[in-house]
Structures are given as structure tokens and as C-alpha cells.
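this is the structure alone, sequence omitted:
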């Protein structure tokens with residue numbers, strides 16, 4: 001494929017991650033899981049079992065799409081610095097199995113609530129493990145943005161500001177995970193304000209891409 005097609009395909013797949021991630025990782029847990037109230041949480045999940053199952057599927061699809069996104073971005077950026085491009089791939093590939101296996105915790109919750117006398121302590125445990133797993137995976141969701149941001153800054157065919165924003169996004173994800181894992185008494189929602197680089201990059205890939213002759217020449221020179 002030519003570089004413009006690689007860029008556009010990566011952009012469309014990256015964009016797909018937004019609704020899948022918001023639905024599976026943010027929206028459904030916020031709607032169904034009531035912090036500190038296991039009984040209400042169980043009632044919500046039982047009343048909306050299909051919604052809960054769809055959130056699990058959505059979270060798994062995020063990881064599958066991530067795989068194709070990072071491979072396309074590797075094709076696009078490997079000519080800039082192959083070592084950094086490989087590091088980008090490794091970081092995201094480390095996140096994928098963690099996030100995949102993490103959904104077993106939600107499947108365990110579904111199994112428990114179907115029992116005659118479900119153990120509230122076990123349900124609390126698995127819901128907590130699922131939350132913990134997200135923050136562990138988020139470490140790598142942040143780390144992969146650093147080499148990608150570096151590659152973009154050095155590329156010459158993608159605006160440098162996008163690379164800078166992605167590196168900022170990296171530290172946003174890492175900050176949230178560190179705050180959570182250390183149980184610091186401060187809000188762990190930094191990434192809600194630093195994710196903008198990913199959105200800008202996605203839109204740039206789709207709308208602009210490497211259509212400009214200067215960009216394509218720069219891409220070919222790096223490759």
C-alpha cells in the first residue's frame with residue numbers, strides 16, 4: 001500500500017478504538033457498578049446482563065483493533081527510526097494480553113452472580129481485580145505513545161505538535177496508573193485532559209494523511 005493508504009487505514013482503525021473503548025471500559029462500568037454497594041451492582045448486572053456482556057466483547061475488540069493499528073503505524077514510521085518503531089510495537093503488544101486476560105475477571109463476576117448464594121466478597125474481589133488490571137494495562141497504553149511521539153517529531157511528514165501531544169498523553173496515562181497503584185489521595189484522571197493528542201493524530205491521519213507531495217517525498221526519504 002502507498003503511504004497515504006497506510007495512514008488512512010491506521011486513522012480509521014484508531015478512530016474505531018474511541019467508541020469501543022468508551023463503551024466497554026468507561027460507560028458500562030460507570031452505569032452498572034456502584035462503588036461500595038455490591039448488592040446494587042449485582043442487581044444492575046443481572047438486569048442488564050447483555051449490556052455487561054457487550055462491554056466485555058467491546059473491551060476485547062479494542063485489543064484486537066490495537067494490534068492492527070500498531071502494525072500499520074509501524075509500517076508508516078519504521079523508516080524514521082526502526083528501533084523506536086519496534087519499541088512502540090513492543091509496548092502496545094505487552095498491553096494486549098494483559099487487557100485480554102483482565103476480562104476474565106468480569107466473566108468470573110457473571111459466573112458468580114448466577115449462583116444461588118453468590119459470594120459478595122468474591123464478586124468484590126473480581127470487580128476490584130478488573131479495575132486493577134485496567135490500570136496495569138494503562139501503563140503500556142501510555143508507554144507506547146512515547147516512542148510514537150518521538151517518531152512523529154523526527155518524521156518530517158507528520159506535524160511535530162502531534163508528536164509532542166502524544167508524549168504528553170503518555171505521561172497522562174502513566175500518572176493515572178502511578179496515582180492509583182500507590183493509592184495516593186489525589187484524583188487519577190489526568191489522562192482525561194491529556195488524551196487529546198491521540199484524537200488529533202487520528203483526525204490528521206484520516207483527513208490529511210500523506211496526500212501532500214512534500215510529505216510523501218519526506219516519507220520516501222525516511223524509508
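Now that the structure is in, tell me what you want to look at. Source: prediction; values computed, not measured. Numbers count the residues shown, from 1 in each chain.

mind naming the longest helix for the chain?
helix 82-113 (DSSP state H).

which other helices and strands contact that one?
Under the contact definition 3 or more CB pairs under 8 Å, 6 or more residues apart in numbering; DSSP states H and E, helix 82-113 sits against helix 38-47, helix 49-77, helix 120-143, helix 145-155. For the C-beta atoms, the positions are set from N, CA and C on the backbone; glycine is no exception.

pLDDT averaged over the longest one - what is it?
Taken as a whole, helix 49-77 has a mean pLDDT of 96.

and it, what does it pack against?
Here helix 49-77 touches helix 3-21, helix 28-32, helix 82-113, helix 145-155, going by 3+ CB pairs under 8 Å, 6+ apart.

then the last one?
Of the remaining helices and strands, those touching helix 145-155 by 3+ CB pairs under 8 Å, 6+ apart are helix 49-77, helix 82-113, helix 160-181, helix 196-207, helix 213-222.

just the pLDDT for residue 85.
We have a pLDDT of 97 for residue 85.

ranking the helices and strands packed on helix 49-77 by burial, who's on top?
Using mean count of other CB atoms under 10 Å, the stretch among these with the largest mean neighbour count is helix 145-155, at a mean of 24.

and that one, how far out from the chain's middle?
Remark: helix 145-155 is offset 17 Å from the chain centroid, using CA atoms, centre = their mean, to the nearest Å.

cool, stretch 68-79 as well?
Taking mean C-alpha positions (CA atoms, centre = their mean), stretch 68-79 and its chain are 16 Å apart.

one more: stretch 41-48?
In terms of CA atoms, centre = their mean, the centre of stretch 41-48 is found 26 Å from the chain centre.
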